[in-house]
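Visitor: build the 3D model from these lines:
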Amino acid sequence: MHVTHLSLADFRSYPRVEVSLDPGVTAFVGPNGQGKTNLIEAVGYLATLGSHRVSSDAPLVRMGADRAIVRAQVRQGDRQQLVELELNPGRANRARINRSSQVRPRDVLGIVRTVLFAPEDLALVKGDPGERRRFLDELITARSPRMAGVRSDYDRVLKQRNTLLKSAALARRHGGRTLDLSTLDVWDQHLARVGAELLAQRLDLVASLQPLADKAYEQLAPGGGPVTLEYRPSAPGEAHTREDLYEQLIAALAESRKQEIERGVTLVGPHRDDLLLKLGQMPAKGYASHGESWSYALALRLASYDLLRAEGNEPVLVLDDVFAELDARRRERLAELVAPGEQVLVTAAVDDDVPHVLAGARFAVSEGMVERA
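Guide: Down below sits the predicted model:
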C-alpha cells in the first residue's frame with residue numbers, strides 16, 4: 001500500500017498544497033518550522049484519526065480558517081481509493097471515501113496504514129503509561145479497524161461510570177448523603193465486557209510483538225538485549241480468554257468499589273494498565289541510557305512494521321526528523337532496515353541527515369512551498 005497523492009487545505013501552515021508521491025523513498029527537506037512535519041502528520045492522521053504531536057484537532061486547522069481538509073489517493077495492488085477527512089474543531093468531523101459522504105470518520109481506518117518514527121517516540125520508554133497504552137491501541141486498530149469502535153465504546157462507558165462515581169463521592173463529602181448506586185452494577189458489566197475485548201487484543205498483540213521487538217533491538221544494537229515486553233493489568237490475574245478476562249474485571253471492580261466511591265474515579269480497567277519494557281533484567285524506564293532508550297523505541301516501531309507486513313498490511317513508513325537524533329551507527333542500521341519498504345516518507349532539515357541508502361525522490365520545503373528537487 002502506498003499514497004500516490006496528498007492534498008491539504010487549511011491544514012496547519014498550508015492554505016493549500018498538492019503533492020504527488022511515488023513508491024519507494026521520498027524525503028522532505030528544509031529548515032525547521034517550514035512545514036515538513038505537517039505533511040507527514042496529515043498522512044498519519046488519515047491512518048489513526050489523531051496527531052502524534054497534539055491531542056486535539058484545533059491546532060491542526062490553519063489560523064483564521066474554520067476547518068481543514070486532508071485528502072489522499074491510495075493504491076493497494078490494482079485498487080485505488082480516495083479518502084478524505086474534514087476537521088471541524090468543536091463540531092463533528094466528516095469523512096468521505098471515493099467521494100461518498102455516507103461514512104463515519106472511523107470508517108476510513110485501515111485504508112491508510114502507517115508506522116511512524118518520531119522524536120516523540122522516546123516517551124514510549126521514558127514517558128507515562130498513557131504513551132504505551134496509546135501505542136498498543138493504535139497498533140491494535142491498524143491490525144483490526146473494528147477495534148476503533150471497541151475503544152470508543154470503552155471510553156464512553158468509562159466516562160459514564162466516572163460521572164456516577166464522582167457524584168457519589170461529592171454527595172458523601174457534602175452532607176453525608178448517599179446516592180442510589182444500583183446502576184453501578186450495570187456499568188460494571190458494560191465496562192468489563194468491552195474492557196475484556198480490549199484486554200484480549202492487547203495481550204495478543206504483546207505476545208506477537210515480543211519476538212519481533214527482541215529481533216529488532218538486536219539489529220539496532222547487537223549484543224545489547226534481550227528486551228522483554230510484559231503487560232501489567234490493573235486487574236490482577238492470569239486470564240486470557242475474553243470470558244475469563246470479563247470475570248477478572250468484574251471481580252476487580254467489586255473489590256475496588258469502596259475506594260472508587262471515595263475517590264470518585266474508576267481505578268481498574270485497561271485505562272489503568274501499563275506495558276513494562278525490560279532491557280536485560282531491568283526496567284528500561286529509569287535504567288536504560290539515552291541511546292538504549294532510543295534503540296528500544298525504534299525497536300518497538302520496527303516490530304510494529306514487521307507485524308503489519310507479515311499480516312499482509314504493509315504500512316507506509318514515516319520517519320519524522322529521526323536521523324538527526326541518532327548517532328552514526330544507529331542511523332545507518334535504521335536506514336538499512338527501512339529502505340526496502342514499499343513507501344518510506346522522511347523529513348530532514350538538511351540533505352546530509354538522510355542516509356545515502358535512502359536514495360529516492362526529494363522535495364524542498366520552504367515558506368509553505370513544496371517543490372520536487
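Visitor: CA atoms for contacts and neighbours, from now on please.
Guide: Noted.
Visitor: element containing the nearest residue to Ala359 once chain neighbours are set aside, please.
Guide: Distance criterion CA to CA, 6 or more residues apart in numbering; nearest residue to Ala359, sequence neighbours excluded, is Val25 at 6.6 Å. Using DSSP states H and E, Val25 sits within strand 24-29.
Visitor: check Ala123 too.
Guide: With elements taken from DSSP H and E, the one containing Ala123 is helix 122-126.
Visitor: check which helices and strands that helix sits against.
Guide: The contact analysis (3 or more CA pairs under 8 Å, 6 or more residues apart in numbering; DSSP states H and E) places helix 122-126 against helix 129-143, helix 290-310.
Visitor: just how off-centre is that helix within its chain?
Guide: Distance, stretch centre to chain centre, for helix 122-126: 13 Å (CA atoms, centre = their mean, to the nearest Å).
Visitor: what's in contact with that helix?
Guide: Glu131, Arg132, Phe135, Leu277, Ala284, Lys285, Gly286, Ser293, Trp294, Tyr296, Ala297 (CA atoms under 8 Å, 6 or more residues apart in numbering).
Visitor: go again with 7 Å.
Guide: With contacts defined as CA atoms under 7 Å, 6 or more residues apart in numbering, helix 122-126 is touched by Glu131, Arg132, Ala284, Lys285, Ser293, Trp294, Ala297.
Visitor: ok, now stretch 154-162?
Guide: With contact meaning CA under 7 Å, 6+ apart, stretch 154-162 is reached by Trp187, His190, Leu191, Val194, Gly195, Gly264, Val265, Thr266.
Visitor: one more pass at 10 Å, please.
Guide: Contact with stretch 154-162 is made by 148-150, 152-153, 163-166, 168, 183-198, 260-261, 264-267, 269-271, as judged by CA atoms under 10 Å, 6 or more residues apart in numbering.
Visitor: mind putting the contacts of helix 122-126 in a markdown table, neighbour count, pLDDT and distance to Tyr246 included?
Guide: A markdown table is the format used below for those (neighbours: other CA atoms under 10 Å; pLDDT from 0 to 100; distance: CA to CA, whole Å):
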| residue | neighbour count | pLDDT | distance to Tyr246 |
| --- | --- | --- | --- |
| Glu131 | 18 | 95 | 25 |
| Arg132 | 21 | 97 | 22 |
| Ala284 | 20 | 95 | 31 |
| Lys285 | 18 | 94 | 30 |
| Ser293 | 22 | 94 | 35 |
| Trp294 | 22 | 92 | 36 |
| Ala297 | 25 | 95 | 31 |
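Visitor: between those, which is nearest Gly225?
Guide: Nearest to Gly225 among the contacts of helix 122-126 is Ala284, at 10.8 Å by CA to CA.
Visitor: isn't that closest one up against Leu277?
Guide: Yes. Counting by CA atoms under 10 Å, Ala284 does reach Leu277; the two are 5.7 Å apart.
Visitor: returning to that earlier point: which among the helices and strands packed on helix 122-126 is found nearest to Ala359?
Guide: That would be helix 290-310 among the helices and strands packed on helix 122-126, by CA to CA, at 19.9 Å.
Visitor: export that closest one as PDB, just CAs?
Guide: Included here for helix 290-310 are C-alpha records, laid out as PDB according to Å, rounded to 0.1, in the frame of the first residue of the first chain:
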ATOM      1  CA  HIS A 290      19.600   7.700  26.300                       C
ATOM      2  CA  GLY A 291      21.000   5.600  23.400                       C
ATOM      3  CA  GLU A 292      19.500   2.400  24.700                       C
ATOM      4  CA  SER A 293      16.100   4.100  25.200                       C
ATOM      5  CA  TRP A 294      16.200   5.300  21.600                       C
ATOM      6  CA  SER A 295      17.100   1.800  20.300                       C
ATOM      7  CA  TYR A 296      14.200   0.400  22.400                       C
ATOM      8  CA  ALA A 297      11.700   2.900  21.000                       C
ATOM      9  CA  LEU A 298      12.900   2.300  17.400                       C
ATOM     10  CA  ALA A 299      12.700  -1.500  18.000                       C
ATOM     11  CA  LEU A 300       9.000  -1.200  19.000                       C
ATOM     12  CA  ARG A 301       8.300   0.700  15.800                       C
ATOM     13  CA  LEU A 302      10.200  -1.800  13.700                       C
ATOM     14  CA  ALA A 303       8.400  -4.600  15.400                       C
ATOM     15  CA  SER A 304       5.100  -2.900  14.600                       C
ATOM     16  CA  TYR A 305       6.100  -2.600  10.900                       C
ATOM     17  CA  ASP A 306       7.200  -6.300  10.700                       C
ATOM     18  CA  LEU A 307       4.000  -7.400  12.300                       C
ATOM     19  CA  LEU A 308       1.700  -5.500   9.900                       C
ATOM     20  CA  ARG A 309       3.700  -6.500   6.900                       C
ATOM     21  CA  ALA A 310       3.600 -10.200   8.000                       C
END
